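Chemist: Structural data only, the sequence is not supplied:
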C-alpha cells in the first residue's frame, strides 16, 4: 500500500512539474510576442541593435527631448491644417516629419501614424499614386499598440504565473486549501492594483 502511495505521489509530482514547465513556456511566449510586436510596430528602426544588451536597452522607455516634443506637436497641428485645407500630400509630408522627429513619443507617433494613413488614403482616393508606397500605417499602429504598452500582456503573465507563485497546499490538511485560495486572490488583487 505504501508503494502505491509513493508511486502516486511521484506521478502527481511529475504532472505538477510538467504543468509548471508549460506555464513557464506560455509566459515566455507571451513576453516574446510583446517584444516582437514592439520591435515590428514602433516607428524607430532597430538597425542599431547588435546584441542582446542593445535589444534590452532599445525596449526601455526613452524620454523625448522637450524641443523634439514641441516640434512634433507643431508639425501635427500643421499637418491637420493641411488636411483640413485639402492639401493631403503636404499633410503626409508633415506627419512623416513629426513621426521622424519624435519616433518614441507614443502620443505624437500614434497621432502621426493615424493622420498620415488618412491623408495617404485621401491622396489615393483622388486617383493619384500613394506618396509613400509603404505598408499601411494603421497596421503598424495597431501592432505597436499590442507591444509592451498593451496592459493585457501583464495580466496574462500574472494569470499564468499565479500557480507558480502561490502553489496549491496539500489536500490532506482540512481548511488550509480554502484559506490559501483566499490568500491567492488577495495577493493577485494587490499585484493587479500595483500594475495599474
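Modeler: All right, it came through fine. Bear in mind the structure is a predicted one, so any value in this text is a computation, not a measurement.
Chemist: make it CA atoms for all contacts and neighbour counts henceforth
Modeler: Fine.
Chemist: separation between the residue lying closest to residue 105 once chain neighbours are set aside and residue 157?
Modeler: Counting by C-alpha to C-alpha, 6 or more residues apart in numbering, residue 105 lies nearest to residue 64, which is 6.2 Å off, once chain neighbours are set aside. To residue 157, residue 64 is 29 Å away according to C-alpha to C-alpha, to the nearest Å.
Chemist: More neighbours: the two, which one.
Modeler: residue 157 (18 against 15; other C-alpha atoms under 10 Å).
Chemist: ok, that one touching residue 29?
Modeler: No - with contact defined as C-alpha atoms under 8 Å, residue 157 does not count as touching residue 29 (9.8 Å).
Chemist: Only the buried residues of the helix ranked longest in the chain, if you could.
Modeler: For the chain, the helix that runs over the most residues, judged by DSSP state H, is helix 2-41. By neighbour count on 16 or more other C-alpha atoms under 10 Å, the buried set for helix 2-41 is 20, 23-24, 26-27, 30-31, 33-39, 41.
Chemist: secondary structure class for the closest residue to residue 124 other than its chain neighbours?
Modeler: Of all residues not flanking residue 124 in the chain, residue 130 sits nearest, at 5.6 Å (C-alpha to C-alpha, 6+ apart). With DSSP: H, G, I helix; E, B strand; the rest coil as the basis, residue 130 sits in coil.
Chemist: Am I right that residue 130 is in contact with residue 120?
Modeler: Yes - counting by C-alpha under 8 Å, residue 120 is a contact partner of residue 130 at 6.3 Å.
Chemist: State the number of residues packed around residue 147.
Modeler: Residue 147: 22 neighbours (other C-alpha under 10 Å).
Chemist: Same question for residue 83.
Modeler: The number of residues packed near residue 83 is 20, by other C-alpha under 10 Å.
Chemist: so how far is the helix or strand where it lies from its chain's centroid?
Modeler: Take DSSP states H and E as the rule and residue 83 turns out to sit in helix 66-85. For helix 66-85, the gap between its own C-alpha mean and the chain's C-alpha mean amounts to 26 Å (C-alpha atoms, centre = their mean, to the nearest Å).
Chemist: Flag every buried residue along it.
Modeler: 68-70, 72-73, 75-80, 82-83.
Chemist: Mind putting these into JSON lines with distance to residue 115 and pLDDT?
Modeler: Putting those into JSON lines (distance: C-alpha to C-alpha, whole Å; pLDDT from 0 to 100) gives the following:
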{"residue": "68", "distance to residue 115": "19", "pLDDT": "89"}
{"residue": "69", "distance to residue 115": "17", "pLDDT": "90"}
{"residue": "70", "distance to residue 115": "18", "pLDDT": "93"}
{"residue": "72", "distance to residue 115": "13", "pLDDT": "92"}
{"residue": "73", "distance to residue 115": "13", "pLDDT": "93"}
{"residue": "75", "distance to residue 115": "11", "pLDDT": "94"}
{"residue": "76", "distance to residue 115": "8", "pLDDT": "94"}
{"residue": "77", "distance to residue 115": "11", "pLDDT": "95"}
{"residue": "78", "distance to residue 115": "11", "pLDDT": "95"}
{"residue": "79", "distance to residue 115": "8", "pLDDT": "94"}
{"residue": "80", "distance to residue 115": "8", "pLDDT": "94"}
{"residue": "82", "distance to residue 115": "11", "pLDDT": "93"}
{"residue": "83", "distance to residue 115": "9", "pLDDT": "92"}
